[in-house]
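Peer 1: Dropping the sequence and predicted coords here.
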Amino acid sequence: MPNTTIIPLAMDHSPFYFLDLYDLLMSYEGTQTYADVLAPWAEANSEARDWLQAFAARTGSPVPQADTEDLWDLYRLSVVGDILLNGLPAHAVSKNAWKSPPLSLRQFQQFFESLGMTGSCPASYTPFQHEIVAVTSSEDPDAPPTVLACAWPCLMLGPMVFLRAGTRVSAGKNVLAPGIADRSTIYWTHCRRNRPALDLSSGWGSNSRWRTAFRRDYQFDNLLYFNVDGSLDLSDAQSLPRRQDKWTRAQAIELLVNHHFITSPLAHDDLFPYDYSLRTHAQSLTALYAPGPSTPPEPPMPPMPPKPSQPPQPKESALLRFLMQLNLR
């Protein structure tokens with residue numbers, strides 16, 4: 001085993017929460033990532049599993065509350081997940097230069113399940129649980145998405161999505177446009193080999209970037225909540241995006257629900273969708289991808305949960321962040 005020291009994690013919401021695992025992975029140069037790094041780390045840091053399981057068990061009305069440091073901690077673990085994704089065999093021939101330690105799909109799922117998450121590859125496509133890796137066009141331009149293969153599992157932490165399943169899908173070009181649905185910039189994401197990725201840490205320094213809030217999406221029975229900590233609710237049909245975004249409400253929802261555009265041929269490389277949120281019935285989301293006979297009216301949507309007294313994280317515009325960086329130099 002390479003010179004790797006596993007240090008038990010102090011569960012006190014320190015600024016380095018989960019960062020020791022990230023540092024271990026970035027410095028690891030061996031080929032047995034699970035045996036040398038992940039399994040020993042999980043064994044030495046059972047408190048991490050306990051905290052995640054306690055977080056998964058939280059209740060609310062219906063969305064549980066999370067403080068700023070909770071969201072920072074979840075984001076740091078999500079970066080670890082993104083780094084490990086890039087080491088899976090499915091990405092072995094990628095030309096992307098991301099450094100990632102090698103790992104099998106079984107080991108990837110086993111590690112996160114050891115932390116209390118549930119892994120699966122749902123057979124029916126929904127953007128709530130599926131991330132698009134590649135698109136094959138169907139002959140019918142309006143054909144709904146069909147899952148062809150699963151590159152990595154969906155990871156659920158209780159009712160919250162920690163990671164959507166990476167999927168290769170077939171669909172009509174009017175539903176998922178090749179080159180857009182599988183190549184446009186994906187947001188709320190640290191890194192991907194197959195497409196550009198951006199999140200609120202992009203452009204910040206090595207310390208500040210770790211104070212980024214994790215995006216929380218939840219399912220409670222038939223209700224889906226997207227980006228519950230966002231401040232601009234698109235659930236009301238009369239709600240409109242910010243004027244400066246120059247999107248229609250449908251385009252803003254497309255970007256929010258999928259984390260990227262799927263049909264809109266818009267500039268996608270420097271957007272700020274992080275404030276938007278949405279709550280909807282699961283059948284409404286399914287209807288977007290499976291047009292058919294009209295359905296009965298849906299029951300009224302419950303209100304979005306109240307926001308914490310302290311917002312999870314300041315949401316500066318890209319321009320403001322740039323001006324702040326200039327001022328700090």
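Peer 2: Arrived safely.

Peer 1: Break down the stretch 51-200 of the chain into its helices, ranges please.
Peer 2: 68-85, 105-114 (DSSP state H, counting those that start in this stretch).

Peer 1: For those, give me TSV that also has distance to residue 245.
Peer 2: C-beta: built from backbone N, CA, C; applies to glycine. Formatted as TSV, the helices of the stretch 51-200 of the chain follow (distance: least, Cβ to Cβ, whole Å):
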stretch	distance to residue 245
helix 68-85	23
helix 105-114	34
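
Peer 1: Out of those, which gets nearest to residue 164?
Peer 2: helix 68-85 (11.0 Å; Cβ to Cβ).

Peer 1: what angle sits between that closest one and helix 105-114?
Peer 2: 160 degrees (axes from the mean of the first three to the mean of the last three Cα atoms, to 10 degrees).

Peer 1: So which elements touch helix 68-85?
Peer 2: The contact analysis (3 or more Cβ pairs under 8 Å, 6 or more residues apart in numbering; DSSP states H and E) places helix 68-85 against helix 19-27, helix 46-56, helix 105-114, strand 160-163.

Peer 1: Check which residues of the longest one are buried.
Peer 2: Residues of helix 46-56 classed as buried by neighbour count (16 or more other Cβ atoms under 10 Å): 48, 51, 52, 55, 56.

Peer 1: Need the helices of the stretch 51-200 of the chain in CSV (columns: distance to residue 148 and mean neighbour count).
Peer 2: Listed next are those as CSV, based on distance: least, Cβ to Cβ, whole Å; neighbours: other Cβ atoms under 10 Å:
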stretch, distance to residue 148, mean neighbour count
helix 68-85, 19, 21
helix 105-114, 16, 17
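
Peer 1: who's residue 224 bridged to?
Peer 2: residue 219, residue 280 (DSSP bridges).

Peer 1: Okay, now the unreliable bits of the stretch 51-200 of the chain?
Peer 2: Counting by pLDDT under 70, the stretch 51-200 of the chain shows low-confidence ranges at 90-99.

Peer 1: show me where it has strands.
Peer 2: 118-120, 130-137, 146-152, 154-157, 160-163, 165-171, 186-187, 197-198 (DSSP state E, counting those that start in this stretch).

Peer 1: strands paired with the first one, and their directions?
Peer 2: Note on strand 118-120: by DSSP bridges, its sheet partners are strand 154-157 (antiparallel).

Peer 1: Switch the strands of the stretch 51-200 of the chain over to CSV; also include mean neighbour count.
Peer 2: Output for the strands of the stretch 51-200 of the chain, formatted as CSV (neighbours: other Cβ atoms under 10 Å):
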stretch, mean neighbour count
strand 118-120, 16
strand 130-137, 20
strand 146-152, 17
strand 154-157, 22
strand 160-163, 22
strand 165-171, 22
strand 186-187, 22
strand 197-198, 21
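
Peer 1: so which of those gets nearest residue 100?
Peer 2: So among the strands of the stretch 51-200 of the chain, strand 146-152 is nearest, using Cβ to Cβ, at 12.7 Å.

Peer 1: Kindly calculate the angle that that closest one makes with strand 130-137.
Peer 2: Using the same axes, to 10 degrees: strand 146-152 against strand 130-137 is 130 degrees.
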